[in-house]
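[1] Need coordinates for the following:
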Amino acid sequence: MAFLNRFKSLLSGGKRLDVKARFSLLREAISGTMSKFYMAKDRQTGKIVGLKILDAEKTAFLESRFKGLNKPCEGEIALGMKHPNLVETFEHGLTTEGNQYLVMEFLEGPGMNSLLVARHKVLDVRRVIYIRQTAEALAAVHDAGFIHRDICPRNLILTSRDGKHLKLTDFGLSVPATAEFMRPGNRTGTPNYMAPELARRQKTDLRLDVFAFGVTTYEMCTFELPWPSGDTGMAAMTHNQPPTDIREHCPKIHPELAKALHACIEPNPKERCPSVAEFLKRIRNVRQFEMKVK
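    Numbers count the residues shown, from 1 in each chain. Modelled structure (predicted):
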């Protein structure tokens, strides 16, 4: 609790936000493990926005893993991210209740995880487009000097119901891509998409995002995961084994996409596709195609 109080004091430099005075909370859109997300109306501007309020204790516990490293908070990282395929953040700060908050654009569409569960037909015509948009979003994060650390379908949201555009969200686990933040030991992320080196608390780098992107892309193509799924960190302990060949699930997949995708989920980081920019080069000739899943 002492650390929590010190953590709050570090964030209390500016004027605190009175949430109920500033916003009309229209509905709770998402309740995550470390935050709550609302569709809200800004009383000052009349604009519909997304309002993310972080749990103070859980956030402080996460930040304590980086004690002494001067890690930027989620709001600082998100505010600096500018790309058509990244969710736009407008402001961040501390509420009168002592919680960090972010005000961002509200995305009208469903998450990729919902599309996968429903096996939505929009994937039949826009699958490759979504793959490219995700890769371009992640490349922008890496170009900005950060590791996202939680690439998964849940954090890919369509901007509208018509499903034409996709954005990457949630920088809650993101860290600078510098040596002190890539040391062994910090295992955070979503188990089913976690790189073997991260699961085993080894040294990491940008390639852990490439791996998670590869697993996400594999699932977007097949509605399946390359390895057995699970809800705990133990699920990721199998990710050092050869994955199920994607062609077993969808024999008609474009061969260049299949090859590039498998390079992303190579268990050995040294043999893995080195970047999502390189992945984009490898699929530059791939267009939308029939994807009949077994």
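[2] if I look at the residue lying closest to residue 22 once chain neighbours are set aside, how far off is residue 51?
    Spatial nearest neighbour of residue 22, chain neighbours left out: residue 43 (6.0 Å); criterion: Cβ to Cβ, 6 or more residues apart in numbering. Placement of C-beta: from N, CA and C, glycine included. According to Cβ to Cβ, to the nearest Å, residue 43 stands 12 Å off from residue 51.
[3] And the two? Which one has more around it.
    Taking other Cβ atoms under 10 Å, residue 43 and residue 51 do not tie; residue 51 has more neighbours (25 against 12).
[4] Which elements pack onto the helix or strand containing the more buried one?
    Using DSSP states H and E, residue 51 sits in strand 48-54. Contacts defined by 3 or more Cβ pairs under 8 Å, 6 or more residues apart in numbering; DSSP states H and E place strand 48-54 against strand 23-31, strand 35-42, strand 100-105.
[5] residues of the lengthiest helix in the chain that come out buried?
    The longest helix of the chain (DSSP state H) is helix 122-143. By 16 or more other Cβ atoms under 10 Å, the buried positions in helix 122-143 come out as 122-123, 126-142.
[6] Next: stretch 159-177.
    Buried positions in stretch 159-177, judged by neighbour count with 16+ other Cβ under 10 Å: 159, 163, 165-177.
[7] Among those, which are located in helices?
    Taking DSSP H, every one of those sits outside helices.
[8] Next, give phi and psi for the nearest residue to residue 58 once chain neighbours are set aside.
    Among residues not flanking residue 58 along the chain, residue 34 sits closest, at 4.6 Å (Cβ to Cβ, 6+ apart). The phi/psi pair for residue 34 (degrees, to the nearest 10) reads phi -120, psi 0.
[9] Likewise for residue 276?
    Torsion angles at residue 276 (phi, psi; degrees, to the nearest 10) stand at phi -70, psi -20.
[10] Around it, count how many other residues there are.
    Count around residue 276 with other Cβ under 10 Å applied: 27.
[11] Give the rounded mean pLDDT of stretch 86-94.
    Averaged across stretch 86-94, pLDDT comes to 97.
[12] so where's the stretch 101-250 of the chain uncertain?
    Low-confidence segments of the stretch 101-250 of the chain, defined by pLDDT under 70, span residues 231-235.
[13] Residues touching the longest helix of the chain, excluding its own?
    When contacts are defined by Cβ atoms under 8 Å, 6 or more residues apart in numbering, helix 122-143 is touched by residues 81-83, 85-86, 112, 115-116, 147-148, 151, 156, 163-168, 174, 177, 206, 209, 213, 216-217, 220-221, 257, 275-277, 279-280, 283, 286-289, 291.
[14] Just the buried subset of those, please.
    81, 83, 85-86, 112, 115-116, 147-148, 151, 156, 163, 165-168, 174, 177, 206, 209, 213, 216-217, 220-221, 257, 275-276, 279-280, 283, 286, 291.
[15] Break the chain down into its domains, please.
    Listed domain ranges for the chain are 2-105, 112-282 (source: automatic domain parsing).
[16] How much space separates the closest residue to residue 135 other than its chain neighbours from residue 78?
    For residue 135, ignoring the flanking residues on the chain, the nearest one in space by Cβ to Cβ, 6+ apart is residue 276 at 4.4 Å. The gap separating residue 276 from residue 78 is 19 Å, by Cβ to Cβ.
[17] Tell me what the nearest residue to residue 52 once chain neighbours are set aside is bridged to.
    Nearest residue to residue 52, sequence neighbours excluded (Cβ to Cβ, 6+ apart): residue 102, at 4.4 Å. Applying DSSP bridges to residue 102 gives these bridge partners: residue 52, residue 92.
[18] circling back: narrow the contacts of helix 122-143 to those in strands?
    147, 156, 166-168 (DSSP state E).
[19] so which of those residues comes closest to residue 271?
    The shortest approach to residue 271 among the ones in strands among the contacts of helix 122-143 belongs to residue 147, at 19.5 Å (Cβ to Cβ).
[20] tell me the phi and psi of the residue nearest to residue 254 when sequence neighbours are not counted?
    Once flanking residues are discounted, residue 254 sits nearest to residue 286: 4.8 Å by Cβ to Cβ, 6+ apart. Main-chain torsions, residue 286, degrees, to the nearest 10: phi -80, psi 130.
[21] Quick check: residue 286 vs residue 240, distance?
    28 Å.
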